[in-house]
Every structure is written in C-alpha cells, then in structure tokens.
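In: Let's see this in three dimensions:
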Amino acid sequence: MPVLNERAYLQRAVETVLEQDVPGPSELILALGPSTDGTTELAQRLADADPRIVLVDNPAADIPVGLNLAIRASLYPTIVRVDAHSELAPGYTRRALETLTRTGAANVGGVMRADGRTPFQRAVARAYNSPIGLGGGAYHGGTQEGEAESAYLGVMRRAVLEEVGLFDESIRRGEDWELNLRIRRAGYRVWFDPELSVTYWPRESWARLVRQFRATGAWRGELVRRYGRRNSLRFFAPPALVVVLAAAIVVGVLQLTGVLAGWWAVAASVVYLPLVAYAVLIVAVAIGAGGGKGWRDKLWTLAVLPSMHLAWGAGFLWGVIRGAHDTVDTSRLGDRNTPLP
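Out: Numbers count the residues shown, from 1 in each chain. Model (predicted):
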C-alpha cells in the first residue's frame, strides 16, 4: 500500500486489509511517502499495534517506486496491491486467490466502486461509476468475467512480477496499465472478476480533482508516445473533446469579428454540433437517476463531468506533444503551493 497524506482514510483502509480471511500467513507493507498531515505518525501507531504491518520509506513519493519497495520488502508469493484511499470488500482476498488458481491468470482484479461523503465527492463517484465518466472500462462496472486489458489494483503472482521487472519507475501514472501490458506480452493472462469489489474514495475538492486528472491525462499521453495504438480507443475521446472545443472557440471569434461571414460562417458552425450533443448528454446524466437525488449533487455532476474530461484531455494532448517528463499528481500534496517531492 503506497501512502501519502491519507490520514482521513488510512486507518479504515488498513482495517479492511487486516480483516481479510486469508488462508495462510499475510503481511501488510506500507510504503510511506513524506506526508505532512500526520499520516506517518498514524501509520506508526497502527504498526505498533499489529505485527503484520511493516513500514518502508518511500522518500520519492512516486507510486511505482513505493510499490516496488513494498514488493521487495515482502515475504510471500502472492502480491495484493491495495490503496490507502480505498476499502477492500469482505472476502476480497480469498476470492481473488481462488480466481488466480481457477483461471491460471497472473493478475486478477475486480470492480472499483467509487463512493462519496459529500455532494461533491458523491458526484465524482457517480462519474467514476458511469461509462460516461471514465469510458466504460471493465473495472468501472463490468459484469462479465474474463480476460482483461488491465486490472484495478490487482492480486498478482510474485514470480511473474519479478519475471517482467516489477513496476516501471519512470511512469508516475498509468503504471498498472503498463505493467499489465508487459504481463500480457510475456504470455500471461490478466483476469477480470466482477465478484471482486473495492470501495474507492475520490478527491474531495474540484481543484484536487482537476490536478489529478490533468496529471493522469499527461501520463496517458506519454504512454501513447511509448506504446501507440496498444492504448484503447476510449482514451482518445477526452482529447478529441478538447480539440473540438478549441476549434469552436476559434470559429466563434472569427464569426463575431466578421472574418467568417456568409456561407463560410454557416458551414463552420458545424463544429458546434458535437459540443451541443455533449452538453445534452451531460445534462441528461446530471438530472437523471445517475445524477444523484439532491439538487447540489446534480449541480456538482454538471461541473464534475466536464472538469474531468477537459482536464484529462488537455493533459493528454500535452503528454502526447511534449511528453509527461516530471509531471506529478499534486492532488495528494495539500495546498497548490506545497513543494513537490
């Protein structure tokens, strides 16, 4: 479990791991980044209270670095990746181990069930759980068991991880997709089991959400630079939205200034049609059953969906054109002015 500034979520996340019914010995390795909110002190208290908890330092704060540190410090042949911002469902680990044995897969994952505690966080959770929000990947609500492109978190065979070289520490976001690509290219299977469920708590504010999605989009753009069309087509929808929006703004300015007039102005107006269709879709989601019950939930849904799509899409274009380089997800670092690790 990589951990950074998770004081509000860490204890419950740890409890759901330690409560798992595991048929054999187990341990929980916490890879601790340089938190500033008391998370490290909480982790130390938890470790003092349970000998199964092992702490390792992750001064770089990068997730793949922390994961590799934790894997190397671990003792057992099966690696269960967990998130400090999530909660494992009862029976998750036992079911995953059974699925690994039954299918012979190298990595097994299930469904991310996002949830929220505030109107904003609930709106983000609904976006995560909707095919409109994150593109309909299997782990965002799939119901059909079978081979998959990637796995959410993942329960993995250590021998396979070591064979393919663990997580790529040069990738700060999307590291799980890239690892699963190498697993599949090595001839192993990645498996989706909808009976596996993990509760995920999204970012708590609009600014943090935008920063998260901008960084995630930039790294997806970097992965497209590295792996091209091995990336699913759904990843190209948000950047297409950004391009169409930019084109619409340019056309609008040209029309208002009279540069585009007459038939040319009418013909150029076709660029608005995808945006109108997108707006209708977002409004329908917000006011429909997926938009929540209260008016605040619905209004936040109207704001959250375009924010996610545009931030991700803008980051993607930047990543494709310039590369992600040292782009960091600062949404876990508190204030925007907090120095990067």
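
In: List the buried residues in stretch 3-23.
Out: Buried residues in stretch 3-23, counted by 16 or more other C-beta atoms under 10 Å: 3-10, 13-14, 16-18, 20. Quick note: C-beta positions are derived from backbone N, CA and C, even for glycine.

In: Which ones among the residues you listed map onto helices?
Out: Taking DSSP state H, the ones among the buried residues of stretch 3-23 that sit in helices are Leu10, Ala13, Val14, Thr16, Val17, Leu18.

In: got a markdown table for the buried residues of stretch 3-23, with pLDDT and distance to Thr118 too?
Out: Converted to a markdown table, the buried residues of stretch 3-23 look like this (pLDDT from 0 to 100; distance: C-beta to C-beta, whole Å):
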| residue | pLDDT | distance to Thr118 |
| --- | --- | --- |
| Val3 | 97 | 22 |
| Leu4 | 95 | 21 |
| Asn5 | 94 | 18 |
| Glu6 | 94 | 17 |
| Arg7 | 94 | 17 |
| Ala8 | 92 | 12 |
| Tyr9 | 94 | 14 |
| Leu10 | 96 | 19 |
| Ala13 | 96 | 19 |
| Val14 | 97 | 23 |
| Thr16 | 97 | 21 |
| Val17 | 97 | 25 |
| Leu18 | 96 | 27 |
| Gln20 | 96 | 28 |
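
In: which of those residues sit farthest apart?
Out: Pairwise distances across those (C-beta to C-beta) peak at 24.7 Å, for the pair Asn5 and Gln20.

In: What pLDDT is listed against the residue lying closest to Thr216 once chain neighbours are set aside?
Out: Distances taken as C-beta to C-beta, 6 or more residues apart in numbering put Arg173 closest to Thr216, at 4.8 Å, once the chain neighbours are dropped. We have a pLDDT of 91 for Arg173.

In: Could you do Pro23 as well?
Out: What the model reports for Pro23 is a pLDDT of 87.

In: Secondary structure class of it, three-state.
Out: Under DSSP: H, G, I helix; E, B strand; the rest coil, the three-state class of Pro23 is coil.

In: end to end, how far does stretch 31-51 reach?
Out: Counting by C-alpha to C-alpha, to the nearest Å, you get 16 Å between the two ends of stretch 31-51.

In: same question but for stretch 55-70, I mixed them up
Out: Chord length of stretch 55-70, first to last residue, is 8 Å (C-alpha to C-alpha).

In: tell me how far it is from the chain's mean position?
Out: 18 Å (C-alpha atoms, centre = their mean, to the nearest Å).

In: Check the secondary structure at the residue nearest to Thr216 for me.
Out: Under three-state DSSP, Arg173 comes out as coil.

In: dump the residue contacts of it.
Out: Counting by C-beta atoms under 8 Å, 6 or more residues apart in numbering, Arg173 touches Ile63, Ala215, Thr216, Ala218, Trp219, Arg220, Ala324, Thr327, Asp329.

In: So which of those belong to strands?
Out: Using DSSP state E, no member of the contacts of Arg173 falls in strands.

In: Now do the helix ranked longest in the chain: which elements does it pack against?
Out: In the chain, taking DSSP H as the definition, the longest helix is helix 295-322. Where contact means 3 or more C-beta pairs under 8 Å, 6 or more residues apart in numbering; DSSP states H and E, helix 295-322 is packed against helix 119-129, helix 131-134, helix 206-227, helix 237-256, helix 272-287.

In: Between those helices, which one is closest to Glu169.
Out: Nearest of those (C-beta to C-beta): helix 206-227, 13.1 Å.

In: gap between the closest one and the chain center?
Out: Distance of helix 206-227 from the chain centroid (C-alpha atoms, centre = their mean) equals 10 Å.

In: Perfect, I'm done here.
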